[in-house]
Each structure stands twice: as C-alpha cells, then as structure tokens.
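Sequence first, then the predicted structure:
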Amino acid sequence: MYRLAAFLAAALLSAPLWAAQCPAMMSKIDATLQSNPPSDPAVLAQVQQLRAEGEELHNAGDHGQSEQMLGEALQLLGASE
C-alpha cells in the first residue's frame, strides 16, 4: 500500500513538470522561426500547423500528444528537443 501511495504522489507531483515542457518547446519553435525560418514554404506551413496543434493539445491538458506534435515541429526545423 505504501508503494502505491508513493507512486501516486510522485506521479501527481511530476505532472506539472511534464506540462512545463510544452511551453518551452513552443518557445524554442518560435525562436527558431524568428532567427532561422525554413526556406521551403511547405515546411514552414507544416511547422506552424504542428505548433498550433501542439498548443491546442497543451491547453486541453493532453501534454503527451502536445509534446509529440511540438517534437515533430522541432525535428522539421532541425532543432534538438
């Protein structure tokens, strides 16, 4: 019982840490778009779409999916997560 309680406490306390990664990833995308935007308009549009979807998912509380979308955008930009 103690292990279960400890696990649940750790999971609840770490949830805000996962949520905090989404804004950092969005900021990194925004900074990269400002400093070194992709020259291909199709890639730029895809990055902007993925970033918008990532923000929507983050705001909805789905941080795992948000990080996945934002990670794809960062990969397209050639930026490491």
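Ah, there it is. Numbers count the residues shown, from 1 in each chain.

Please count neighbours and contacts with C-alpha atoms only from this point.
Noted.

Now tell me what touches stretch 51-58 from outside.
By CA atoms under 8 Å, 6 or more residues apart in numbering, the residues outside stretch 51-58 that reach it are Ala19, Cys22, Met26, Ile29, His63, Gln65, Ser66, Glu67, Gln68, Met69, Leu70, Ala73.

In that stretch, which residues are buried?
Neighbour counts over stretch 51-58 (16 or more other CA atoms under 10 Å) mark Arg51, Ala52, Glu53, Gly54, Glu55, Leu57, His58 as buried.

and what of stretch 69-81?
Met69, Leu70, Gly71, Glu72, Ala73, Leu74, Leu76, Leu77.

Can I get it in CSV? Just the C-alpha atoms.
Provided in CSV are the C-alpha atoms of stretch 69-81 (Å, rounded to 0.1, in the frame of the first residue of the first chain):
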residue,chain,number,x,y,z
MET,A,69,3.4,17.4,-32.1
LEU,A,70,5.9,20.0,-30.9
GLY,A,71,8.7,17.5,-31.2
GLU,A,72,7.8,16.9,-34.8
ALA,A,73,7.9,20.6,-35.5
LEU,A,74,11.3,20.9,-33.9
GLN,A,75,12.6,18.0,-36.0
LEU,A,76,11.4,19.7,-39.1
LEU,A,77,13.3,22.8,-38.0
GLY,A,78,16.4,20.8,-37.3
ALA,A,79,16.4,21.9,-33.7
SER,A,80,17.0,19.4,-31.0
GLU,A,81,14.4,19.0,-28.2
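
Identify all contacting residues around it.
When contacts are taken as CA under 8 Å, 6+ apart, the neighbours of stretch 69-81 outside the stretch itself are 22, 25-26, 28-29, 32, 37-38, 43, 46-48, 50-51, 53-54.

got any ranges where this structure has weak pLDDT?
Applying pLDDT under 70 to the chain flags residues 1-2, 4-19, 80-81.
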